[in-house]
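A.B. asks: what's the 3D shape of this:
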Amino acid sequence: MSVPRKIRIIAVLAALAAIGLLAWHLLGARRDGGLTVYGNVDIRQVDLSFRVGGRIATVLVDEGDAVVEGQPLARLDDDLLLRQRDRAAARLAGQKADLARLERGYRVEEIAQARASVAAATAVAENAGINLRRVMAMRANNAISQKELDNARAADREATARLRSSQEQLDMLASGYREEDVLSQRAAVAAAAAELSQAEIQVRDAVLVAPQRGIILTRAREAGAIAQAGQTVYTLALTNPVWLRAYVDEPNLGKVKPGMPVRVSVDAAPGKSFPGTVGFVSPTAEFTPKTVETREVRTALVYRLRVQVEDPENVMRQGMPVTIVLEPATP
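C.D. replies: Below is the predicted model:
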């Protein structure tokens, strides 16, 4: 074999080796950059119930119906609840009227009557004082007995006391009701307002609404049934967002971070993938037989992942197996 031919063969082999080495590095990089894990669809469910008890008047949706947030699902007979609300409103109105009366103070007519009483008591007291002075002068000349003087002094003291009482009554009416009475009545108004607010909330709670978007999985009660507070009427499957449960082994745990983008595929939609993100990585391992592990056993530890995925076509169902490919981070 000639030397140039040997050189060409060596050059071709070197080129093939270089191509193979490059391909090996590219595949290795792809293997190192991406990670595939397997899991299942974990649809969240909510048991819906009334916060108040009563007779169910109407049921508005059935099993399999799609509902949106805030959509009415069922209603209770609210006759008793409306009466309770009306009583609470009347009670609040009465308490407010009493508070207004206390804050305004006594009526003008009551104050005028008290002034008249003071004027009358003043006249009586002045007359009793004049009479006492006259009797004292007569007693000094022994014109009357000591008993008549004592009676005049008692009448003067009585008239003075009546005047003082009338004046205090007028002062009390002029200053209005005591501050303690006003504060107590304000507290009574606040309590009545709270009772009315509670009654209004109970009236609103007579309508059962969907807390989130989803699909009715079970209808447990029918119209005419007596539902207790907290008793399940519907079971709602939450379809947005869809959560996936998957596991990653301990050697690949460092490749998974919360917020990483993923692509999800299911057998029910061949050839399609759905975007999602890693929402949670469990801080503790599962299926661990004991606390201290050998190096060989540590590689068998797995950690739970929770992945949130978009399902606009509504193809994912509870327990459906899924394949999750974690997309490598962009350098």
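A.B. asks: tell me which element Leu92 falls in.
C.D. replies: Per DSSP states H and E, Leu92 falls inside helix 79-104.
A.B. asks: so which elements touch that helix?
C.D. replies: helix 179-204 (3 or more C-beta pairs under 8 Å, 6 or more residues apart in numbering; DSSP states H and E). All C-beta atoms are positioned from the backbone trio N, CA, C, and that covers glycine.
A.B. asks: now the element after the helix it packs on, going C-ward?
C.D. replies: Toward the C-terminus from helix 179-204 - assigned by DSSP H and E - lies strand 207-209.
A.B. asks: average pLDDT for that following strand?
C.D. replies: Here strand 207-209 scores 96 as its mean pLDDT.
A.B. asks: who are the packing partners of that strand?
C.D. replies: By contact count (3+ C-beta pairs under 8 Å, 6+ apart), the secondary structure elements abutting strand 207-209 are strand 72-76.
A.B. asks: roughly how far is the strand it packs on from the heart of the chain?
C.D. replies: The chain centre lies 21 Å from the centre of strand 72-76; the measure is C-alpha atoms, centre = their mean, to the nearest Å.
A.B. asks: list the buried residues in that strand.
C.D. replies: Residues of strand 72-76 classed as buried under the neighbour-count rule (16 or more other C-beta atoms under 10 Å) are Leu73, Ala74, Arg75, Leu76.
A.B. asks: how about stretch 154-163?
C.D. replies: Using 16+ other C-beta under 10 Å as the burial criterion, the residues of stretch 154-163 that qualify are Ala155, Asp156, Ala159, Arg162, Leu163.
A.B. asks: shouldn't the third one be within a strand?
C.D. replies: No - looking at Ala159 with DSSP: H, G, I helix; E, B strand; the rest coil, it is helix, so not inside a strand.
A.B. asks: any idea how far it lies from Asp78?
C.D. replies: Ala159 sits 67 Å away from Asp78, going by C-beta to C-beta, to the nearest Å.
A.B. asks: find me the pLDDT at the closest residue to Glu158 other than its chain neighbours, would you?
C.D. replies: Once its chain neighbours are removed from consideration, Glu158 has its nearest residue in Ala128; the separation is 7.4 Å (C-beta to C-beta, 6 or more residues apart in numbering). With respect to pLDDT, Ala128 has a value of 83.
A.B. asks: residue ranges with poor pLDDT in the stretch 201-331 of the chain?
C.D. replies: In the predicted model, the stretch 201-331 of the chain carries pLDDT under 70 at residues 287-300, 328-331.
A.B. asks: so where do the helices sit in the stretch 201-331 of the chain?
C.D. replies: Read by DSSP state H, counting those that start in this stretch, the stretch 201-331 of the chain holds these helices, from start to end of the chain: 295-298.
A.B. asks: Leu99: neighbouring residues, count only.
C.D. replies: One way to gauge burial is a neighbour count; for Leu99, by other C-beta atoms under 10 Å, it gives 18.
A.B. asks: I'm done for today, thanks for sticking with me.
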